[in-house]
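K.L.:
got a structure for you, letters missing:
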């Protein structure tokens, strides 16, 4: 029941980089509006935009022991993803753990629980997306698991899946889909750039997207 | 049931500017503590302070079709105000719609739902007050209405009413009351400035507002 | 039932300063994980870190009269701590009251209710930890008490207790415990600094804290 | 600013009775899915189903003085509807006020705040839809208004509008629309009864509503 | 830091019985509107009304070990009161613990966390007031304390204080105040009974409480 | 992207019946504390206890079209499980759909959204576990999927998994694990019955579970 899976597969680095550049909203659209974590997941500071491979943690409420275990499993470019086995807003993670994670090349933390030392974390440039901020610490008494499938903030995450996170939230891309999602995301970005220029010039979405006829069919009346 | 009202009346520009300068807390007091939207409405970035005429949108949950329709109705100085017909935290609005709205002179968006692309919106200087941030997009399947009376975050808003928004939240002033509320707001501001100087000099509110006698009457005891 | 206690005891200034430098997470750990206020208490701007002696206010919902009374009781280095007698998100406090409190040497406000004028408060550098932001003002009709024991955001606060507040939240230290808690906090800080250097060099918490054996005993399996 | 409107118009008794029999879900559909109060409004006991004319109350947080004033305005068949001017979960209403309201023929209370003495209210058969239960009482210090337009739990209510409430929640029907909404509601009820018999016999909604073709057009695939 | 206090003082049995009969709303008023727990504390079934002496438990999140310890401290007529040291909705308590507590004469449980087996608890007639229902169990790994002062759902509770609980919520009466609060509660009950008869006969609170003059002074207008 | 999977595998009927009799708390323990849905999932009436095979629905916010599609896929003994693709408290399901589902042998509905007609559903004996009650209806405009893996209220559910639901909440058992979990659940039930008798006779958990030594080792002090 309590296990650490040591060898996980990861997506190709160039796929991960590309998804990170596309950002959460575009990636989420590109994969058919799936994989978004709950909007209660908020960044501790504005402006960070990352992507990385998920090292997952299933942890008991109020117990951060498994984070120490997970850090040993980190490879450069990974992102820690923690789901408590029941709701808890304790501060599982602070500046010491961040120091250790950064030393292993970790790009950030996604945690459906609390985090603390956020002024230090901000100063270190270690981004965290969490559902709470709390100075309430945790114990090291009960085991959990590392690199098992988890449900984090309403999304199913497998170890090695690609995590994309920015100011809009957090999205998970299945490892096997990374290449195809990246392709669609890049197509969307190109298409959006063209639209942006026409909209900035004053053209209306009603005309660009040819919406007027369908609105009339549905029964919209102008008075 | 689904309609776009094209010609709405707006308050005078100088009234709108004045209310914007006074800010939400002062305007709310000046009109007898009415018109405040729920405190769940938060700005996506700190420091914006706007006022404008409401172009209202009643939209189904998870459907942003009517925003495209509403943008055509915008005049320079307007503010979009969207209330979903049932609670929804989807991201109805992002940088493409903001580009289009800005091209029409729109000053901002007030939305009792989600918004996305907030790093881009912040970079563009397009202020939004929302009840959520979410990358979850919306569809364009069901009609709503534009420029009808709505209840947004607990406040009744008519098209053409004046929307005032800043870091404290969002307040609506009925169009017909704009001049009288502005007058009272300006009186409050003048009065507050005088009080501020006395308070900064160390005088107490207890004395400035002559509260001591009434406190004693009510039974307050010092021990 | 309604009373103002005028002479309260305070901790020694050097204890208060030391606790403020240690910060909330460290102080909370140092006193055995007690005294933390609910994580719903958030700062109105990032980066403030204070400590001071509590001047407590028990106030009715929607009535800020007692803040005026409390301000007269402030000494330089104090922190106002307000708990409403029932839940209320009204904006009890704004820039005028802050002007008055600053003139008395007040270091900040902790309030399990709403605050307003937050752009002005931010500009003035007057830090507030609150459970809400709302422009909705209050009346001056009903009495409460000043410098009585209160429960604020789930923590028991006596007048003269030391309040520590930063980006992680708010913690209360009993006045009589200030010296011993400071001693333990400083020991933790020294210990953490040594750990930080080892972690930054790539050593693992698993080894530094000798966790491997206990994990194996508890049944953790690596696969 | 503070006023009691004494003579309000009400819908015809037979319209009110009919709407009450139709129930909230049907009435809400019949008027185009408008007028529903927030789902946070819950009955204090299961099984009550009422309709009546709204006597509205705008009350300060934590102050129930205006309920006494409103009770004098009640006519047999009326329903009290209270919205606090800012969020408050205090218990504004208990068995004494219910005794008084029942003596005037009141059918129930809809309150976006707290209620208490709920065992007594249940025993008396006085139904209440509220957003909270709390023994926390209120004061009688500050005025509000009676029979003015209010926004209650997100819905706009005018005095004399028809309030329909049952286990599904609370819905408001504009007084002028009562007759036409009742007509549509009765048509829906007749239609539903026919549908119910076919569905109970095992026919599928897919066939009764001829959905199969449109589902295929939209792209639904069976695998 | 972790302790069990074995000999606590309790209020007199007749005081406890009297407070239980008066009920939460009356007791809360009688002691000047203090001591009420948050309205998030709800009974698992309707109709229970109890009073008893608090045996308090401070427990870690997700760990119910100390309940076993506390049960040994129970005397007939006691009520268990549990506050987790940080927010947690786990089911700390089910039918086996209730069987054990009932065997010791325990009258009920007040817990600012989750409870489970609620169909069994209802069948056994063991009342619980909790902030959650959850089948999620807990571990037995970390110590807490029994019979120390706690803050439970926002109220300060000392061991031996009188807990009163019914459908309206939960209220705590300080042990030393039990006799005087009971006296005031009984006066209120007598007074309320007289008022109830006059109100049921159709007299208005406006007249019984002589409110008309004061309302006019405050500026209330009838139109 | 939008699909109906028609042939799903189900657990053996005797496994399903056994899990239903064991109930949520026992089943959840028996499978190592996994599979529990969020505690926001509450039954619309007390006392129902069911188990069945999941027919899953992924539906857009505010759109119940796919429920009609799913009903055709029901076999006797199934349970509908609906997760909206983004949060929504609309009433997706009422008495007509329940009539149709019951005609197909459906045992109940688990929905992380709203339900309506709850008085009728209660009268019909059709149990529902939902996160909201709301009369707000839905449209039939946008497709979703039936019998695909979903995350419902924080738990991962595959079509054909066993759903167990009672007053404590909802738990999912993977189809392949049904037999082994049932075996462990039955062992727990037998063990609990023996413990219950000893506890009812006044023995303490401290002794039955031999806790005293370990408590002392951890440092618990009796004073």
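P.N.:
Yep, that arrived. Here the structure is a predicted model, which means the values were calculated and not measured.
K.L.:
for the residue nearest the centre of chain A, give me its contacts.
P.N.:
The centre of chain A sits closest to residue A:170, judged by Cα atoms, centre = their mean, with a distance of 3.0 Å. By Cβ atoms under 8 Å, 6 or more residues apart in numbering or on different chains, the contact set of residue A:170 is A:24, A:36, A:37, A:41, A:110, A:129, A:153, A:155, A:163, A:164. Backbone N, C-alpha and C define where each C-beta goes, glycine included.
K.L.:
ok, and the most crowded of those residues?
P.N.:
residue A:163 (33 neighbours; other Cβ atoms under 10 Å in any protein chain shown).
K.L.:
that one and chain B, how far apart?
P.N.:
13 Å (Cβ to the nearest Cβ, to the nearest Å).
K.L.:
what residues does chain A put near chain E?
P.N.:
Residues of chain A found near chain E (Cβ under 8 Å from any Cβ of the partner chain) are A:60-63, A:85-90, A:134, A:136, A:139, A:141-142.
K.L.:
neighbour-wise, which one of those leads?
P.N.:
Neighbour max across the residues of chain A next to chain E (other Cβ under 10 Å) = residue A:62, 33 neighbours.
K.L.:
got phi/psi on the residue nearest to that one when sequence neighbours are not counted?
P.N.:
If the residues on either side of it in the chain are set aside, residue A:62 comes closest to residue E:61, at 3.9 Å by Cβ to Cβ, 6 or more residues apart in numbering or on different chains. Dihedral pair for residue E:61: phi -60, psi 130, per degrees, to the nearest 10.
K.L.:
tell me the contacts of residue E:61?
P.N.:
By Cβ under 8 Å, 6+ apart, the neighbours of residue E:61 are A:61, A:62, A:88, A:90, E:84, E:85, E:86, E:87, E:88, E:90.
K.L.:
test my guess that the last one contacts residue E:137.
P.N.:
In other words, residue E:90. Yes - judged on Cβ atoms under 8 Å, residue E:90 makes contact with residue E:137 at a distance of 6.9 Å.
K.L.:
okay, now the sheet partners of the longest strand along chain A, with direction.
P.N.:
Counting by DSSP state E, the longest strand found in chain A is strand A:50-59. Sheet pairing for strand A:50-59, assigned by DSSP bridges, gives strand A:78-84 (parallel), strand A:145-146 (antiparallel), strand A:162-166 (antiparallel).
K.L.:
give me the mean pLDDT for the next helix or strand after the last one.
P.N.:
Following the chain from strand A:162-166 toward its C-terminal end, the next helix or strand by DSSP states H and E is strand A:169-173. Taken as a whole, strand A:169-173 carries a mean pLDDT of 98.
K.L.:
next one: stretch A:142-157
P.N.:
96.
K.L.:
could you give the number of residues near the residue nearest to residue A:218 when sequence neighbours are not counted?
P.N.:
Leaving out its chain neighbours, the residue that sits closest to residue A:218 by Cβ to Cβ, 6+ apart is residue B:143, at 5.1 Å. Per other Cβ under 10 Å, the neighbour tally for residue B:143 reads 23.
K.L.:
may I ask which helix or strand encompasses residue B:143?
P.N.:
Counting by DSSP H and E, residue B:143 is part of no helix or strand.
K.L.:
list the contacts for it?
P.N.:
Contacts of residue B:143 (Cβ under 8 Å, 6+ apart): A:215, A:218, A:219, A:220, B:2, B:60, B:65, B:66.
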